[in-house]
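> Okay, sequence plus prediction incoming.
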Amino acid sequence: LERLRASEMRVGTLQMLLERKEKIEASLRENEAALRTSAHERAVEAEEAAARVRLLEGDKRNVTRERDEALRQVEALQEVVADREEAERSVRVAKDAVAGE
C-alpha cells in the first residue's frame, strides 16, 4: 500500500511536470511567433525607411541641381549687367568727348 501511494505521488509529480513542460512549450511557441511577426514588421519598416531615404536623396539631388542652375543664371545675369554698365560708361565717355570738341 505504501509503494502504491509513493507511485501515485510520483505519477502526480510527473503529470504536474508534464503539464508545466507543455505550458512552457506553448509559451515558447507563442513567443517565437511574436518574434517572427515583430522581425517581419521591422523588416517592412526598414524597407519603407530605405525607400523614403532614396526618395529624399533624389529630391536633394534635384534641389541641388536646381540651385546650381539658378546660381549659373545669376552669374550670367551679373555678367550681362556688368557688360551693360560698361557699355553705358563707354557711351558717356564718348558723349563727353563729343561735347568737349
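Everything's here; your move.

> what does the model give Leu1 for pLDDT?
pLDDT recorded at Leu1 is 88.

> Burial check on it, number of neighbours?
5 (other CB atoms under 10 Å). To be clear about C-beta, it is placed using only N, CA and C from the backbone, and glycine gets the same treatment.

> quick one, what contacts it?
Taking CB atoms under 8 Å, 6 or more residues apart in numbering, we find Leu1 in contact with no residue.

> Thr13 versus that one, what's the distance?
For Leu1, the distance to Thr13 (CB to CB, to the nearest Å) stands at 19 Å.

> same question, Ser90
Counting by CB to CB, the gap from Ser90 to Thr13 is 113 Å.

> same thing with Arg42?
42 Å.

> Quick one: mean pLDDT over stretch 73-82.
98.

> next one: stretch 42-55
When pLDDT is averaged over stretch 42-55, the result is 98.

> Give me the buried stretch members for that stretch, please.
By neighbour count with 16 or more other CB atoms under 10 Å, stretch 42-55 contains no buried residues.

> Figure out how far that stretch is from the centre of its chain.
Here the centre of stretch 42-55 is set off from its chain's centre by 6 Å, with CA atoms, centre = their mean, to the nearest Å.

> Dump stretch 59-71 to PDB, restricted to CA.
The C-alpha trace of stretch 59-71 is given here as PDB (Å, rounded to 0.1, in the frame of the first residue of the first chain):
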ATOM      1  CA  ASP A  59      14.900  65.200 -54.000                       C
ATOM      2  CA  LYS A  60      18.100  66.500 -52.600                       C
ATOM      3  CA  ARG A  61      19.900  65.900 -55.900                       C
ATOM      4  CA  ASN A  62      17.100  67.700 -57.800                       C
ATOM      5  CA  VAL A  63      17.200  70.700 -55.400                       C
ATOM      6  CA  THR A  64      21.000  70.800 -55.700                       C
ATOM      7  CA  ARG A  65      20.800  70.700 -59.500                       C
ATOM      8  CA  GLU A  66      18.100  73.400 -59.500                       C
ATOM      9  CA  ARG A  67      20.200  75.600 -57.100                       C
ATOM     10  CA  ASP A  68      23.300  75.200 -59.200                       C
ATOM     11  CA  GLU A  69      21.300  76.100 -62.300                       C
ATOM     12  CA  ALA A  70      19.900  79.200 -60.500                       C
ATOM     13  CA  LEU A  71      23.400  80.200 -59.500                       C
END
